[in-house]
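K.L.:
Just to be clear, the model below is a prediction. Sequence and coordinates:
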Amino acid sequence: VMGSIAGLVAGLDSGQTPINKEIQSFVRLISAIAIFIGVVFFIIAMVMGYTWIEAVIFFIGIIVANVPEGLLITVTVTLTLTAKRMASKNCLVKNLEGVETLGSTSVICSDKTGTLTQNKMTVANMWLNMKMISLETGKMNYGENFDPRTPGWEELGNIACLCSNSDFVDVKENWQKPVNDRAVDGDATEAGILKCYECLMGDTSKKRKTNPKVIDIPFNSRNKYQASVHQDDEGKHLLVMKGAPEIVFAKCETILVDGEDVMIDETTRKGFREACEKLAGMGQRVLAFVDLHLDSSKFPPGYDFSTDDEEPNFPLDKLRFVGLLSMIDPPKASVPDAVAKCRSAGIKVIMVTGDHPITAQAIAKEVGIISSKNVLIIFDSLTPIPNSPQPGVSACVPGYVMTDWEEADLDKLIRSFTEIVFARTSPQQKLFIVEGYQRAGNVVAVTGDGVNDSPALKKADIGVAMGIAGSEVSKEAADMILLDDNFATIVTGVEEGRLIFDNLKKSIVYTLTSNIPEILPFLTWVVLGIPLPLSTVAILLIDLGTDMLPAISLAYENAELDIMERAPRDTHDRLVNHRLIFLAYGIVGITQAAAGFFVYAVIMASYGWMPNRLLFIKAEWEDEYNNNLEDSWGQEWSYGQRMMLQQTCNGAYFLAIVQVQWADVIISKTRMLSIFQQGMKNNVLNFAIIFETVLAAAVIYTPYVPQFIGIYPLAPEWWIPA
């Protein structure tokens, strides 16, 4: 079994994360636009008679202006900040990109035990002598309402004690505690049974010493039982077994009733089924306990028991059924509210568990995965799969029903029901279910804690393992680990993931808007022949200097109030779509460029260069030997004077972009809400606005710095026009 699970995991490829695909798509789009525009205008420049060096400079300028150089830093900082926030909320992110994937999730396939429930098993009922017996669970002192002298308990207790791999932690302080407070080395189910037996009998250690284990068959998800053989003081062997009731009962020939072995008949089978359904219907985990005294003539003292062959060399059938124990594992208090939040966010929560179907559906109803008002269909091998959606109907599908299903059968089930519980599932079936929801176009998150969950965790768009009860294998296969094993923490992760997508969109639209006011100066310089309004170095200063901190500061923006009331993001909703491009380039970008050209034209006109005089003057303007070029007023300008005026305009254009980016970052703060609803509570953003202004002023007015950037210090009044 372990080998087949390892083979499943090794053969799986989890593929690209949604955010990875989005960023890759965005980079390709922007690169294609930049190179296309650059090549087109390189050709135009050559046709218009520019030298190839001038055309290459123009080509480089266009590409530099188009590519958002700060995007990589912004994305990394955004993901890292969110991962840090989530770690403080008991959610450890192994893969940074997985944070956003959780925000895109439309289906969560959740395990039951330990994720939705507390994983604190307490024996609540037993079915012994074909009668139901309730135990005291409130005080967890089983002896108060149960007499250990009850016929059949000795045999049932014997199996419960011996057929177990758990034991009390052997530390002095632990032995001094009350039984039910002691730490146990073993899983929650066996811990609950061990504590129950120790409370009633108090002789676990003695019983195990006098009946040493000879061989055992560990529990696995295929067999769904655990068995072991023990030898007593007289050298006789006893086979004990516990496991899934329907599996174990099928191996039995007799049943122990009031100290007598009775052949199992239809009445017995009916009573057994009713008991299982009643206990499972209360949301309890039910285990069956059986034994068999092995014939001493066939299995003498020292017999070499073995499980190396396909079948063990001792019997596993014609056993004696002794009784049932049922354990209550109550849901965590935070789970119903978390499931309700998932519903309001448009996320389907699907339970995928190894428990009995009736137990699974009972817990699913309790936490809200299945609506109590819905009609519930528990599938069997004869139940037909509907061909159309079934509103108001929920489904519970046991694993044995899906044994021979094709992909089309599961796809039909997923289309027909929105509320589904899968019970008694194997690792292969969990993987099958995840793939089915992915084929339906969903982004699937899977939670799990066991080795058998690892294939589904690896295949899911994001695997979420349990930090406390989770196996090392499941943690290795997962992208995220819940340090508190709490399903409600996943909902926090969904909100953080959605916030990442929102904030990346805000950051990208903010970053892209400055592309237009950076590109148009080069286009007008080539096509209209005016003096260059903005230098290439100034463009880099905007992209990597003044724009960087405001873009990063949007990662600190709080979630908008409706973030968990929206439907999951459509997989076709791109990080950068046509609406975002139109907003960035067609509206805000053009407005920013207009501000830059306005201040450029105002300064030029104030010194005598009217707009009509600047058209197609490029060759004369840049001629360093022409020292008597006349302006609109007839004044003559030397080359040095013209360059000083051009650099003043470059500085003013640069400052205009910084100023309009103040408004842009405030515009970008929200996607859905008004700025008055969102407020200005992001102090990092408030600081970023001040920082970019101070940086721009420092660049313009610090001695010797402007000449390296191709700008000239501005008079204070030139801060006003933009």
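P.N.:
On my side now, so go ahead. Numbering: from 1, shown residues only.
K.L.:
where's the nearest residue to residue 651 once chain neighbours are set aside, which helix or strand?
P.N.:
Leaving out its chain neighbours, the residue that sits closest to residue 651 by C-beta to C-beta, 6 or more residues apart in numbering is residue 711, at 3.5 Å. Placement of C-beta: from N, CA and C, glycine included. Using DSSP states H and E, residue 711 sits in no helix or strand.
K.L.:
If you tally nearby residues, what's the number for residue 711?
P.N.:
Residues within reach of residue 711, counting by other C-beta atoms under 10 Å, total 26.
K.L.:
Then residue 594?
P.N.:
16.
K.L.:
Please apply the same query to residue 261.
P.N.:
Neighbourhood size, residue 261 [other C-beta under 10 Å]: 11.
K.L.:
Next: residue 540.
P.N.:
A count of nearby residues for residue 540, using other C-beta under 10 Å, gives 15.
K.L.:
again with the one 3 residues further on
P.N.:
Here the neighbour count serves as a burial measure; for residue 543 (other C-beta under 10 Å) it reads 22.
K.L.:
same check, this time on residue 681
P.N.:
Other residues close to residue 681 by other C-beta under 10 Å number 10.
K.L.:
Repeat that for residue 634.
P.N.:
Residue 634 has 7 nearby residues by other C-beta under 10 Å.
K.L.:
Poorly predicted segments of the stretch 501-650 of the chain, please.
P.N.:
Along the stretch 501-650 of the chain, the parts satisfying pLDDT under 70 run over 571-572.
K.L.:
With the stretch 51-200 of the chain instead?
P.N.:
65, 69-70, 136-144.
K.L.:
In stretch 615-628, which residues are buried?
P.N.:
617-618, 621-622 (16 or more other C-beta atoms under 10 Å).
K.L.:
how far out from the middle of the chain is that stretch?
P.N.:
How far stretch 615-628 lies from its chain's middle: 61 Å, per C-alpha atoms, centre = their mean, to the nearest Å.
K.L.:
could you pull out the strands for the stretch 451-600 of the chain?
P.N.:
462-466, 480-482 (DSSP state E, counting those that start in this stretch).
K.L.:
Give me whichever of those strands is most buried.
P.N.:
Most buried of the strands of the stretch 451-600 of the chain by mean neighbour count (mean count of other C-beta atoms under 10 Å) is strand 462-466; its value is a mean of 30.
K.L.:
for residue 239, phi and psi?
P.N.:
Main-chain torsions, residue 239, degrees, to the nearest 10: phi -90, psi 130.
K.L.:
Excluding chain neighbours, what is closest to it?
P.N.:
Among residues not flanking residue 239 along the chain, residue 292 sits closest, at 4.3 Å (C-beta to C-beta, 6+ apart).
K.L.:
Contact partners for that neighbour?
P.N.:
238-239, 315, 318-320 (C-beta atoms under 8 Å, 6 or more residues apart in numbering).
K.L.:
Which of the residues you listed fall in strands?
P.N.:
The members of these that map onto strands under DSSP state E are 238-239, 319-320.
K.L.:
Out of those residues, the closest to residue 227 would be?
P.N.:
residue 239 (6.6 Å; C-beta to C-beta).
K.L.:
residues near that closest one, how many?
P.N.:
There are 25 residues near residue 239, going by other C-beta under 10 Å.
K.L.:
Surely the residue nearest to residue 239 is within a helix?
P.N.:
No - assigned with DSSP: H, G, I helix; E, B strand; the rest coil, residue 292 falls outside any helix and is strand.
K.L.:
Looks like residue 152 contacts residue 259 (just checking).
P.N.:
Yes - counting by C-beta atoms under 8 Å, residue 259 is a contact partner of residue 152 at 6.9 Å.
K.L.:
and the two? which has more neighbours close in?
P.N.:
A count of neighbours by other C-beta under 10 Å puts residue 152 above the other of residue 152 and residue 259, at 20 against 10.
K.L.:
shared neighbours, residue 152 and residue 259?
P.N.:
Common neighbours of residue 152 and residue 259 (C-beta under 8 Å, 6+ apart) do not exist.
K.L.:
and the residue sitting nearest the centre point of the chain, backbone torsions?
P.N.:
For the chain, residue 102 is the residue whose C-alpha lies nearest the centre (C-alpha atoms, centre = their mean; 2.9 Å). The phi/psi pair for residue 102 (degrees, to the nearest 10) reads phi -60, psi -30.
K.L.:
Which neighbouring residues are in contact with it, exactly?
P.N.:
Counting by C-beta under 8 Å, 6+ apart, residue 102 makes contact with 445, 462, 464, 480, 490, 493-494, 496-497.
K.L.:
The residue nearest to residue 239 and residue 151: what is the separation?
P.N.:
As judged by C-beta to C-beta, to the nearest Å, residue 292 and residue 151 stand 19 Å apart.
K.L.:
And for residue 204?
P.N.:
From residue 204 to residue 151 the distance is 22 Å (C-beta to C-beta).
K.L.:
ditto for residue 317
P.N.:
25 Å.
K.L.:
Repeat that for residue 691.
P.N.:
82 Å.
K.L.:
more crowded one of the two?
P.N.:
Remark: of residue 691 and residue 151, residue 691 carries more neighbours, 17 against 13, as counted by other C-beta under 10 Å.
K.L.:
Helix or strand: which one has that one?
P.N.:
Using DSSP H and E, residue 691 sits in helix 683-701.
K.L.:
Just the element for the residue lying farthest from the centre of the chain, please.
P.N.:
Here the chain reaches farthest from its C-alpha mean at residue 634, the gap being 69.2 Å by C-alpha atoms, centre = their mean. Using DSSP H and E, residue 634 sits in no helix or strand.
K.L.:
now the strands: where do they sit in the stretch 151-300 of the chain?
P.N.:
For the stretch 151-300 of the chain, the strands defined by DSSP E, counting those that start in this stretch cover 167-168, 184-185, 213-217, 225-231, 237-243, 252-257, 260-263, 284-293.
K.L.:
Before I go, just wanted to say thanks for your time.
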